[in-house]
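**Student:** Sequence first, predicted coordinates after that:
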Amino acid sequence: VQLVESGGGLAQVGGSLRLSCAASGFTFSSFAMSWYRQAPGKERESVATISRGSSSTNYADSVKGRFTISRDNAKNTVYLQMNSLKPEDTAVYYCNAISRFSYYDYWGQGTQVTVSS
């Protein structure tokens, strides 16, 4: 099982980044997918979640209207489009896959996002 994040880096305040998470080794379409983030000295927090068939999405209040989660089950990939970035969005962003009833729970290695003014 692998979840490989990419797309992180340095962005300016007000800028955009698009994160990708490529999955392999499990039936991607059977898993809900989420993005989490962890800033230095803070606990990991949920940023966005998308259901198996993309019919449902949820966002943290802090990113609503700025971030968009999407997935392509044909490509086994989940995305996080991040717009209007703020310094407080600086964190390591992690991809998570979770099966029904939480039987299986997989994590990526994380990708650093730094927003600088």
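**Tutor:** Structure's in. What do you need? Predicted, not measured: the structure shown is a model, and the values here were computed from it.
**Student:** Next up, identify which helix or strand the nearest residue to Ser51 once chain neighbours are set aside is on.
**Tutor:** Nearest residue to Ser51, sequence neighbours excluded (C-beta to C-beta, 6 or more residues apart in numbering): Ala32, at 5.5 Å. Quick note: C-beta positions are derived from backbone N, CA and C, even for glycine. Using DSSP states H and E, Ala32 sits within strand 31-38.
**Student:** Any idea how far whatever helix or strand comes next after that strand is from the middle of the chain?
**Tutor:** As assigned by DSSP H and E, the chain's next helix or strand after strand 31-38 is strand 45-50. Offset of strand 45-50 from its chain centre (C-alpha atoms, centre = their mean, to the nearest Å): 7 Å.
**Student:** Quick check, central residue of this protein?
**Tutor:** Note on the chain: the residue nearest the mean C-alpha position is Trp35, at 2.6 Å, using C-alpha atoms, centre = their mean.
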